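A.B. asks: Predicted model follows, preceded by the sequence.
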Amino acid sequence: MGMEQIAASMERVASVLRRKPHAGVSEDSAATARWDGGLRASVRSDAGYSVATDMPVEIGGEASAVTPGWLLRAGLASCAVTRIAMAAAAEGITLATLEARATSRSDARGLLEIPEPDGRPVSAGPLAMDLYVRIGAPGISADRLRALVASTAACSPVTCAVAQPLPVTLHVELAP
C-alpha cells in the first residue's frame, strides 16, 4: 500500500474513533506458545503466523532460533518503524530510508534466579534498552525528521509497553 493510501486509511479510522472513542478499545491478537522440547517453543498468532524461539547453547538451548528477548527487541524496532512510517504518511513525507535497531543490556543472573550478594533479587528483564533510528527523506530538514521520530514514541504500542510498568496477570490451568 502506498503512503497516500496509508494516510487515507489512517484518517478514515481516526474519523470513526473521534465520533466513537469506545470503538478504539479491543482485545489484541493472542500469542500462543507451545513447548517443543528442550528450551524450544513455537509461537502462533490467531491468524496462523508463527515463529520459533530457543535459547543459547550456554544455558541449555540449541541456539536453533531467536530468543524470546530478541523478539522483544524485534517488536520494539519494528513497531517504531511502523509508527514512524504512519506519521510520515500522515504528514505527506516520502521516506527514502527508515531503519530502527533495538538493543538491550541484561543480567543473566535474573533468568537463573541468582540473587545479588546481599540477597536482593536480580531482574530477569532488560536493564536498559536503546532504540536507534536511521531516517532519510529527500527535501526534508534534519530537524523535521528528528521531530517526526520523537513524536511517535508516545503512540508506539511496543515502546509504551516497555517504557512503563505494565501489569501482567498470570492465569494457570492444570492439564490432565
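C.D. replies: Cool, the structure landed.

A.B. asks: C-alpha from now on. contacts and neighbour counts both.
C.D. replies: OK.

A.B. asks: Wasn't residue 22 part of a helix?
C.D. replies: Yes. Counting by DSSP: H, G, I helix; E, B strand; the rest coil, residue 22 falls inside a helix.

A.B. asks: what about it, how many neighbours?
C.D. replies: Residue crowding around residue 22 was assessed by other C-alpha atoms under 10 Å; the count is 9.

A.B. asks: Quick check: residue 4 touching residue 92?
C.D. replies: Yes. Judged on C-alpha atoms under 8 Å, residue 4 makes contact with residue 92 at a distance of 7.4 Å.

A.B. asks: Looking at these two, which one has more neighbours?
C.D. replies: Counting neighbours by other C-alpha under 10 Å for residue 4 and for residue 92 shows that residue 4 has the greater number, 15 against 12.

A.B. asks: In the helix or strand harbouring that one, which residues are buried?
C.D. replies: For residue 4, the element it lies in under DSSP states H and E is helix 3-19. Applying a neighbour-count criterion of 16 or more other C-alpha atoms under 10 Å, the buried positions in helix 3-19 are 3, 6, 7.

A.B. asks: Following the chain past that helix, name the next helix or strand.
C.D. replies: Under the assignment DSSP H and E, the closest C-terminal helix or strand after helix 3-19 is strand 31-35.

A.B. asks: Just the residues contacting that following strand, thanks.
C.D. replies: Contacts with strand 31-35, where a contact means C-alpha atoms under 8 Å, 6 or more residues apart in numbering, come from 41, 42, 43, 44, 45, 46.

A.B. asks: Now secondary structure and neighbour count too, for these, in CSV please.
C.D. replies: Rendered in CSV, the data for those read as follows (DSSP: H, G, I helix; E, B strand; the rest coil; neighbours: other C-alpha atoms under 10 Å):
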residue, secondary structure, neighbour count
41, strand, 20
42, strand, 16
43, strand, 16
44, strand, 16
45, strand, 13
46, coil, 11
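
A.B. asks: Can I get these in JSON lines including pLDDT and distance to residue 60?
C.D. replies: Written out in JSON lines, the entries for these read as follows (pLDDT from 0 to 100; distance: C-alpha to C-alpha, whole Å):
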{"residue": "41", "pLDDT": "98", "distance to residue 60": "14"}
{"residue": "42", "pLDDT": "98", "distance to residue 60": "17"}
{"residue": "43", "pLDDT": "98", "distance to residue 60": "20"}
{"residue": "44", "pLDDT": "97", "distance to residue 60": "23"}
{"residue": "45", "pLDDT": "96", "distance to residue 60": "26"}
{"residue": "46", "pLDDT": "95", "distance to residue 60": "30"}
